[in-house]
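> prediction below, plus the sequence it came from.
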Amino acid sequence: MDNGQVKNIVIVGGGTAGWMSAAALSKLMPKGQGPEGQGNVTLVESKEIGTVGVGEATIPQIATFNERLGIKEDDFIRETQATFKLGIEFVDWAKKGDRYFHPFGTHGFDLEGIEFHHYWNKLREQGDDRSIEDYSINAVAAYNDKFIRPQSEHGPIINKLGYAFHFDAILYAKFLRKFSEGHGAKRIEGKVEKVNLHSDNGFIESIALADGQVIEGDLFIDCTGFRGLLIEEALQTGYMDWSAYLPVDSAVAVPCEKIEEPIPYTRSTACEAGWQWRIPLQHRTGNGYVYCSQYQSKEAAEKTLLSNLDSKALASPKHLRFKTGRRKKFWSKNCVAIGLSAGFMEPLESTSIHLIQSGISKLIALFPDKSMNPVERDEYNRLLDVGYAHIRDFLILHYTLTERDDSAFWNYVRTMQIPDSLKRKMALIESRGRFFKYDDELFNVTSWMAVAIGQGYTPRGYNPMVDGLSEENITQSLSNIRTAINKAVKAMPSQQAFIDRFCRAQDVYTAVGENI
Amino acid sequence: MNQLRRIMVIGNSIEAWLSAAYLRARLPRNDYQIIVIETAENSMASSHTIFARPSSKNLHHILDISEANLSRVTHAKPALCATITNSKGAIIELPFGQYGVDREGTEFQHIWKFSGSQQPLAEFNLALMMHKAGLFINNAPKGAPTYDYGYILDEQGYENILKSKASTQHIIANSLKLNCGNKGIEEINCNGESLSADLYIDVRSNDFDMAWNHNHLKIMGGFDMLDHQSGMRLYRIQMAMERLFKLWPDREFAAIEIAEYNRLEKAQSVHINDMNRLLQHNIQGCSDALKRKIRLFESRGRIAIEDFEIYSKAEWIAALKAIGISAQNYDRLAHRISAEAALQWIDQLHTAIANLVQQLSNKNTGKQ
């Protein structure tokens, strides 16, 4: 009996996006037995096609995904050579020699219903030169190489510690493959040769593999990366190009030997035509340089990257090309693009895996039947559209606020036009540090203030309500927060000690690839 | 100094005194003068009671009004839903609690629909069931559908408590004229006397588009019964005050901040207007957001959540169903259990809720 339900879900592509999709759908969708059965998950991938291995660095929301799937955090860390990430250090972004920290978690505590940064800014205006980072337990812990997993008994200071992970994306995909297959997902090895469309409605009917297999499906998930084999090559959905705002278009990546205990944060260092990442894992350090090919050649970029490694490279550098932006429709006909096939906004704030996660959770929340009702499809596209735009604006903020004028690239991004939505946000921040978070907006006031203040875009004033507390009272309150943070961090174990105790990987695995 | 020092609240009744009390609670007493210019016109036909949504608990926390004090002075009764009588005479109950219990990440209404249960969805809403039986307990028992509660307050008692919290100078305006220019209010003439302030908060407005203009902040007063019954009369003031304090100005009245206030105010008004249209069964020419909500609900009983949403999913479901909009289908995640198991579970839940209500009724505990 065909009751119109989606029974066969075909995922094309087996990188991070593919296996995250397979894991979630195989675990959460009803199984395919009986008349109400649906959700048979088949993933097609080819060993011949390399994966990009999106994101070695994540943001705290990844924990929600793992939790929903019932994945134990320590198992996941062990299996993926993961380390903890308390935030991102930005080096040379505002100007050369400068640095700042974007922490997960918060700055200080709100006082009298007013956000903390207003109080900090008042004292700063009166000559207190302490950094806002002194009030972030994440920043203080990160620079002391400390970590502890917050538990309710740890009290309010440590419970402000937000964290994510650095992990090996290839190992994560392997881990999720095992998980997915354990929940009934079927993997087919093969290279897609042709995408067959229904002649009447243009839906994808099946994919034909090079070995002659034809795989039919009701719903297709395109996880084929930048190429967009289904969503673009077959369905010609169109791409919204954001390279005028986010002009980097190339990356070169290479892992190097681990020579010291991993630090609990990502480092992003601005370079001549882009920026370089450094991501410490348990077994190695990931490095990459994201740059704009208009301003730097492939060879020069590779040389820049290799000259900045802190130890011996473990593999040959791997080059990638991309165009920042997104598909005009994330869901078109019976095909949903998830991962790089949906769009890419560069890895500056480690949002790629979050966007995969967001796409999957919204697909599950709006799961269709075979008719692919436009109501659900439109809502999915609307929600993703909003989510992408918020992230885009936050990424642009990093570039537009630079003071650097030492290269053509930085001159371009410093002076480029920016979206009106970002202009409005920036004007509110500049005025008095005002910030309103939208429901579907990923980054919160801490993130926006960290980057704005870190890059010298400090609000000109503060909420006048702050004057309701006396200067002495504010000074004392902020001093108490600093003392409490320092005391809490002093009592924390080092990240390495924490990993050794709870979640050390068994093998020192040496990857030959590198991921972004 | 460029700080605001003198603030006038123009209006009367709850709207004016709540604004004044809020200002008094948040502003340092010695630094700010708050004056209420009490106007004569009624903002709405009084029903002698005020309806407060659950969010008013936060408001009362800021105003330092304890539940005990509220109960003593205003004879506050807990309200588990907002009861609306629309212009056609239909009664619609918007519950402050969820329908049933979500299971394995699937919202209850989908499992209910999938199961084919013959029991009305409303009977799985503990807040609604207790409301119908005239019962109240502060918290739902473990495992039962959760809920929150608002209050029905005696209007005069509430006004008195707000007046005491505002504790401020007030002038009865027998005659009042606002002299407005491009930059808000230049001065006001009250009882033949010229008065001025740094900020004027006028709580008699129905201006959606320009809520705040320089030193003139207009907050929509409760002009109709629908606002009164749904709790929007208090809620609008509460939200306006929260926004104002997040954007608290100085005498420069930065245009960018005022524009942001107005933008947020408009977003809120759209949500309220959308709900009011549903309650009045008047959805012709409604906003795109409401069209989306209706379409998505009709398709599979899903509720689209927009930025700066006000109402809960349960309230939207109740309002949509009340005007005859039904979900044609349900979320396929409901299929994670078999139809038979779903129906069995649904029946058990129905019995459990009915038994709970019966037990409470028998004990007559906390009778409303």
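That came in fine, so what should we check first?

> worst-scoring helix or strand of the chain, pLDDT-wise?
Picked chain A for this. Sorting the helices and strands of chain A by mean pLDDT, DSSP states H and E puts helix A:155-158 at the bottom, at a mean of 91.

> can you look at chain B instead?
Per mean pLDDT, DSSP H and E, helix B:225-230 ranks last in chain B, at a mean of 87.

> quick check on the most centrally placed residue in chain A: phi, psi?
The C-alpha lying nearest the average C-alpha coordinate of chain A belongs to residue A:351 (C-alpha atoms, centre = their mean; 2.0 Å). Here is the backbone geometry of residue A:351 (degrees, to the nearest 10): phi -100, psi -10.

> likewise for residue B:94?
Torsion angles, degrees, to the nearest 10, at residue B:94: phi -100, psi 110.

> roughly how far apart are it and residue A:11?
41 Å (C-beta to C-beta, to the nearest Å). Bear in mind the C-beta positions are built from the backbone N, C-alpha and C, glycine included.

> what residues sit buried inside the least confident helix or strand of chain A?
Using 16 or more other C-beta atoms under 10 Å in any protein chain shown as the burial criterion, the residues of helix A:155-158 that qualify are A:157, A:158.

> between residue B:94 and residue A:11, which has more neighbouring residues?
Shown here are residue B:94 and residue A:11; by other C-beta atoms under 10 Å in any protein chain shown, residue A:11 has more neighbours (30 against 26).

> anything in the helix or strand hosting the more buried one near chain B?
Per DSSP states H and E: residue A:11 is located in strand A:8-12. No. Applying C-beta under 8 Å from any C-beta of the partner chain, one finds strand A:8-12 separated from chain B by no less than 11.3 Å.

> who does that strand pair up with?
strand A:40-45 (parallel), strand A:219-222 (parallel) (DSSP bridges).

> mind exporting that strand as PDB, just the C-alpha atoms?
Extracted in PDB, the C-alpha atoms of strand A:8-12 (Å, rounded to 0.1, in the frame of the first residue of the first chain):
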ATOM      1  CA  ASN A   8      13.000   5.600   0.900                       C
ATOM      2  CA  ILE A   9      15.500   8.300   1.700                       C
ATOM      3  CA  VAL A  10      18.600   8.400  -0.400                       C
ATOM      4  CA  ILE A  11      21.600  10.400   0.800                       C
ATOM      5  CA  VAL A  12      24.100  11.100  -1.800                       C
END
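
> how many neighbours does the residue of the stretch 1-150 of chain B found nearest chain A have?
Closest approach between the stretch 1-150 of chain B and chain A, counting by C-beta to the nearest C-beta: residue B:28, at 4.4 Å. By other C-beta under 10 Å, the residues close to residue B:28 number 11.

> so what's it closest to, chain neighbours aside?
residue A:468 (4.4 Å; C-beta to C-beta, 6 or more residues apart in numbering or on different chains).

> my read: that neighbour touches residue B:31, true?
Yes. Look at residue A:468 against residue B:31 with C-beta atoms under 8 Å: they come within range, at 7.4 Å.

> who has more neighbours, the two?
Neighbour count, other C-beta under 10 Å: between residue A:468 and residue B:31, residue A:468 has more, with 20 against 13.

> so who does the more buried one touch?
Taking C-beta atoms under 8 Å, 6 or more residues apart in numbering or on different chains, we find residue A:468 in contact with A:112, B:26, B:27, B:28, B:31.

> report pLDDT for the third one.
Confidence at residue B:27, expressed as pLDDT, is 91.

> ok, the last one next?
What the model reports for residue B:31 is a pLDDT of 87.

> A helix includes it, no?
No. Counting by DSSP: H, G, I helix; E, B strand; the rest coil, one finds residue B:31 to be coil, located in no helix.

> which SS class is residue B:316?
Residue B:316 is classified as helix under three-state DSSP.

> scratch that, residue B:158 is what I was asking about
helix.

> please apply the same query to the one 5 residues further on.
With three-state DSSP as the basis, the three-state label of residue B:163 is helix.

> so the residue lying closest to it once chain neighbours are set aside, which state does it fall into?
Distance criterion C-beta to C-beta, 6+ apart; nearest residue to residue B:163, sequence neighbours excluded, is residue B:17 at 5.3 Å. Here residue B:17 takes the helix state, with states given by three-state DSSP.

> equivalent analysis for the one 4 residues further on, please.
Taking three-state DSSP as the rule, one finds residue B:21 in the helix state.
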